[in-house]
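[1] Sharing a model prediction with you, sequence too.
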Amino acid sequence: MKQLIRSFFVFLAFQLFYYSADGQIIVNGHNPKRDFFAGPQQSLSISYGSILWIDGKNIPLAGYSEPLADFHGIGDLFSVEKYNFSIGVNVGYERNLSDLVSVRGAFSTGKLFTGIGGRLDLITHDKSSISQLGLYTRFSLTKNLKRRLQFQWLVGPELLYAKKDVLVEEYVADETSTPDNYRQNIKVVEGALVTGLGISLRLTKKFSLFSDGMVGIAMPGNGLKLTNSGIGMKYHW
């Protein structure tokens, strides 16, 4: 996973270098590479968003915490163990391909609240975490680019890496077992294809507020996947 994160940032650095470089051939006093459309050509962004991931391949724990044995009959009645929620930092780089189309790369990381903590029959201490890479194509739904308020449609793939690290106290597999601490330590890698809507509000020529919300399917587990950027800030140049 560290290799994937390193490769992502190398890619961003390459993009920044490539698109900020001046062309060596000047035609009629203009740079042929930088003037193919008007306005800022790229942006950096930061936000504090959320991820909801339903792990379709999750296998629920069969046992329970001995002090909560009375709740084991309820167990995981609503399959809450599949649901995983995260809040964390999201950073991204966006490059305009035209006035109405751009490509955005984003990296998110944060604490993961796994569904196992929602079970009534388990005493848990959750130290899980999640990281995510996304590459999205953004299409403008507002043709008048002079408007401060803009709407967009986004679509693209995501790569998710989750580390489920949960300690369960006084865990027993059944009535004949002796209570003992049990640690669930699982690493999961899944891809996803998501799509959704974005909204942005231009504050100045250089800065704007934005919020993106996307939904899709995580594979190979075929679980539901939602990514929300929260309200973030973009710097354009």
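    Thanks, I have the structure now.

[2] And for Ile130, the neighbour number?
    Summarising burial for Ile130: neighbours were counted as other Cβ atoms under 10 Å, giving 24. Just so you know, the C-beta spots here come from the backbone N, C-alpha and C atoms, and that holds for glycine as well.

[3] what's the nearest residue to it if we skip its chain neighbours?
    For Ile130, the nearest residue in space outside its immediate sequence neighbours is Leu112; the separation is 4.2 Å by Cβ to Cβ, 6 or more residues apart in numbering.

[4] What separation do you get for the residue nearest to Asn185 when sequence neighbours are not counted and Gln184?
    In space, Asn185 comes closest to Asp165 once its chain neighbours are excluded; the distance is 5.6 Å by Cβ to Cβ, 6+ apart. Between Asp165 and Gln184 the distance, using Cβ to Cβ, to the nearest Å, works out to 7 Å.

[5] before we move on, what about Leu226?
    The separation that Leu226 has from Gln184, given Cβ to Cβ, amounts to 23 Å.

[6] Run a quick neighbour tally on Gln132.
    The local packing of Gln132 (other Cβ under 10 Å) involves 23 other residues.

[7] wait, doesn't it sit right on Leu160?
    Yes - when contacts are counted by Cβ atoms under 8 Å, Gln132 is listed as touching Leu160 (5.0 Å).

[8] Now do the shared contacts for the two.
    Ile51 (Cβ atoms under 8 Å, 6 or more residues apart in numbering).

[9] which residue ranges form the strands in the protein?
    42-54, 64-65, 83-96, 101-113, 123-126, 129-140, 149-172, 180-202, 207-219, 223-228, 232-236 (DSSP state E).

[10] From the contact counts, what lies against the fifth one?
    Counting contacts by 3 or more Cβ pairs under 8 Å, 6 or more residues apart in numbering; DSSP states H and E, the secondary-structure elements packed against strand 123-126 are strand 149-172.

[11] The last one too?
    When contacts are defined as 3+ Cβ pairs under 8 Å, 6+ apart, strand 232-236 packs onto strand 42-54, strand 207-219.

[12] need these in JSON lines with mean pLDDT, can you?
    Putting the helices and strands packed on strand 232-236 into JSON lines (pLDDT from 0 to 100) gives the following:
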{"stretch": "strand 42-54", "mean pLDDT": "97"}
{"stretch": "strand 207-219", "mean pLDDT": "97"}
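
[13] who wins for proximity to Val194 among the ones you listed?
    For those, the distance to Val194 is smallest for strand 207-219, at 3.2 Å, taking Cβ to Cβ.

[14] chain center to that closest one: distance?
    Strand 207-219 has its average C-alpha position 8 Å from the chain's average C-alpha position, going by Cα atoms, centre = their mean, to the nearest Å.

[15] Also stretch 44-54?
    With Cα atoms, centre = their mean as the basis, stretch 44-54 stands 5 Å off its chain's centre.

[16] Next: stretch 195-205.
    Stretch 195-205 has its C-alpha centroid displaced from the chain centroid by 18 Å (Cα atoms, centre = their mean).

[17] now it: mean pLDDT?
    Taken as a whole, stretch 195-205 has an average pLDDT of 97.

[18] Could you pull out the buried residues of it?
    For stretch 195-205, the neighbour count (16 or more other Cβ atoms under 10 Å) marks 196, 198-200, 202 as buried.

[19] cool, stretch 184-195 as well?
    Buried residues in stretch 184-195, counted by 16+ other Cβ under 10 Å: 184, 188, 190, 192, 194.
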